[in-house]
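Chemist: build me a model:
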Amino acid sequence: MPNKHNADRRHHSGKMKFKVRNWASYKAGLRRRGSLTLWVTDEAIAKWQVPPRQSPGGQAHYSDMAIETALMLRLMFHLPLRQTEGFMESIFALLGVTVSAPDHSTLSRRATTLPSVSLGRMPDGPLHVLIDSTGLKVYGAGEWLQEKHGARARRSWRKLHLAVDAASGMIVAQTLTEKEIGDPSQVGPLLDQIQGDVEQVTADGAMMERLLTRRWRSMARTSGS
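Modeler: Here you go, the predicted model:
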């Protein structure tokens, strides 16, 4: 039967644990979940633009709060940067607000300089590092030709090698190589990126063999000196 197709992989909704007595209010509550209410306060309008700077240099037009607001709306509604710009412009037009929306290039440039967007802090103490790799498929013109015209295209892959802190799950080192590069060859470059102390390393057999060889050579050089 068509409705039985892939039934084992479908998401099955659980049964309700309570019995609905008032269906009118229940359905009204479900509709309210899709209601959208937006407003812009006077304080936000006053801080939307950056005050003129007194020192030499370029003048930024939008404040950090304006950029953070745009990025928050983008994250909430899963929008690309250009759609985020248009979404904010439509909100301001509906509300009759006189401020303007940051353009997509400004959002992309300023997002990396915000104080709230900073690099993660390295975990304290000796690390237990997990090392592994994954394949990344590169999409390009060959994929389009293969899908559109059935032409044979050569698949392109890259390898992403990661070193992860076992306690926090934070990525502490990474390398991107061609698909022909073996995993054991990246053990050294990954460990060299870690500034803190490494107490334990967990990897597969080939990586561990390369790690032990690297450690033995380092001990041999230390004892020889």
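Chemist: okay, buried residues for stretch 23-33 please.
Modeler: Of the residues in stretch 23-33, none count as buried by neighbour count, 16 or more other CB atoms under 10 Å. The way it works is simple: take the backbone N, C-alpha and C, and place the C-beta from them, glycine included.
Chemist: strands of the protein, residue ranges please.
Modeler: 127-138, 156-165, 171-178, 198-202 (DSSP state E).
Chemist: nearest to E68 among the ones you listed would be which one?
Modeler: strand 171-178 (24.3 Å; CB to CB).
Chemist: now do P126 against D64, distance only.
Modeler: According to CB to CB, to the nearest Å, P126 and D64 sit 37 Å apart.
Chemist: which residue is the nearest non-sequential neighbour of M88?
Modeler: Distances taken as CB to CB, 6 or more residues apart in numbering place A101 nearest to M88, at 3.7 Å, with adjacent residues excluded.
Chemist: now do the contacts for that neighbour.
Modeler: By CB atoms under 8 Å, 6 or more residues apart in numbering, the residues touching A101 are A70, E85, M88, E89, F92.
Chemist: what's the neighbour count on the second one?
Modeler: The local packing count at E85 equals 21, with neighbours defined by other CB atoms under 10 Å.
Chemist: pLDDT score for it?
Modeler: With respect to pLDDT, E85 has a value of 95.
Chemist: same question, the third one
Modeler: Per-residue confidence at M88 stands at 94 (pLDDT).
Chemist: next: the last one.
Modeler: Taken from the predicted model, the pLDDT recorded for F92 is 92.
Chemist: can you tell me how far it is from R33?
Modeler: For F92, the distance to R33 (CB to CB) stands at 25 Å.
Chemist: which of P126 and D64 has more neighbours?
Modeler: Set side by side, P126 and D64 show more neighbours around D64, with 15 against 11, by other CB under 10 Å.
Chemist: now do the same contact list for the nearest residue in space to that one that is not next to it in sequence.
Modeler: With CB to CB, 6+ apart as the criterion, D64 has its nearest non-adjacent residue at 5.8 Å, and that residue is L114. Contact partners of L114, counting by CB under 8 Å, 6+ apart, are D64, I67, E68.
Chemist: quick check: end-to-end length of stretch 178-197?
Modeler: In stretch 178-197, first residue to last residue: 29 Å (CA to CA, to the nearest Å).
Chemist: ok, back up a step: mind putting the contacts of A101 in a markdown table, distance to Q186 included?
Modeler: Below are these laid out as a markdown table (distance: CB to CB, whole Å):
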| residue | distance to Q186 |
| --- | --- |
| A70 | 38 |
| E85 | 40 |
| M88 | 43 |
| E89 | 46 |
| F92 | 49 |
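Chemist: okay, now A167: neighbour count?
Modeler: Count around A167 with other CB under 10 Å applied: 11.
Chemist: quick one: it and E199, what's the gap?
Modeler: 11 Å.
Chemist: what do these two both touch?
Modeler: L127, H128.
Chemist: which residue is nearest the middle of the chain?
Modeler: Taking CA atoms, centre = their mean, the centroid of the chain lies closest to L75, which sits 10.8 Å from it.
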